[in-house]
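>>> No sequence on hand, only this structure:
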């Protein structure tokens, strides 16, 4: 038996609501898009994939070691970004990371998880973003005329280890397994 795991930066409720509104507004005018539910909005720091259940507790401990006492990054929402740019699969909102605090936190989380689990992290560079809408299978989204992204800065409250449940024809469901509050 295994669990599909990932570590993510938790977003404040007000920011999730604003991003959810943006995703719904974009999807409202484009049938190719399906907005992500507010409660599923996050910033993935490390996707671990399917791991043995025996690795859940070591992953929790690694996250506590990596993020315990860490400073909350001060972030700002950027302009909408399609990923992948040539054949978009998701509509995202990138995060501007003043002082690279989030990048340092992500690197620490990855390092601790890799050491604890023998997990091999992705080789591509970290690009902090929030996925707000997904492109429906076989559809081509309209990539212009998007609503405006809300403005403002915020401090992220926590890093969370999630278990992801797929299937059932609906969106993925995320269960928090460990939440590590960040220092403000």
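All right, it came through fine. Just so you know, these numbers come straight off a predicted model, no measurement behind them. Numbering: from 1, shown residues only.
>>> Which residue is the nearest non-sequential neighbour of the residue nearest the centre of the chain?
Centroid-nearest residue in the chain, with C-alpha atoms, centre = their mean: residue 43, separated by 2.3 Å. The shortest distance from residue 43 to any non-neighbouring residue, by C-beta to C-beta, 6 or more residues apart in numbering, is to residue 9 (3.9 Å). In this view, the C-beta of every residue, glycine as well, is placed from N, C-alpha and C.
>>> now that neighbour: how far from residue 154?
Distance, residue 9 to residue 154, using C-beta to C-beta, to the nearest Å: 11 Å.
>>> Repeat that for residue 134.
Going from residue 134 to residue 154 by C-beta to C-beta gives 23 Å.
>>> sorry, back to before: between residue 9 and residue 154, who's got more neighbours?
Applying other C-beta atoms under 10 Å to residue 9 and residue 154 shows that residue 9 carries more neighbours, namely 25 against 17.
>>> didn't residue 159 look like it was pressed against residue 108?
No. Residue 159 is beyond contact range of residue 108, at 9.7 Å (criterion: C-beta atoms under 8 Å).
>>> returning to that earlier point: bridged to the residue nearest to residue 43, which residues?
Following DSSP bridges, residue 9 is listed with bridge partners residue 43, residue 159.
>>> My read is that it contacts residue 46, right?
No. At 10.5 Å, residue 9 does not count as touching residue 46 under the criterion of C-beta under 8 Å.
>>> mind showing which ranges of the chain have poor pLDDT?
Confidence mapping of the chain against pLDDT under 70 gives the ranges 168-169.
>>> wait, what's in contact with the residue nearest to residue 55 when sequence neighbours are not counted?
Of all residues not flanking residue 55 in the chain, residue 117 sits nearest, at 5.4 Å (C-beta to C-beta, 6+ apart). Counting by C-beta atoms under 8 Å, 6 or more residues apart in numbering, residue 117 touches 48, 51, 55, 58-59, 62.
>>> how does it look with 7 Å?
Applying C-beta atoms under 7 Å, 6 or more residues apart in numbering to residue 117 gives the contacts 51, 55, 58-59.
>>> And for residue 154?
12, 15, 75.
>>> Return the subset of these lying in helices.
Members of these lying in helices (criterion: DSSP state H): residue 15.
>>> Of the contacts of residue 154, which is the nearest to residue 145?
Within those, the smallest distance to residue 145 is 23.6 Å, found for residue 15 (C-beta to C-beta).
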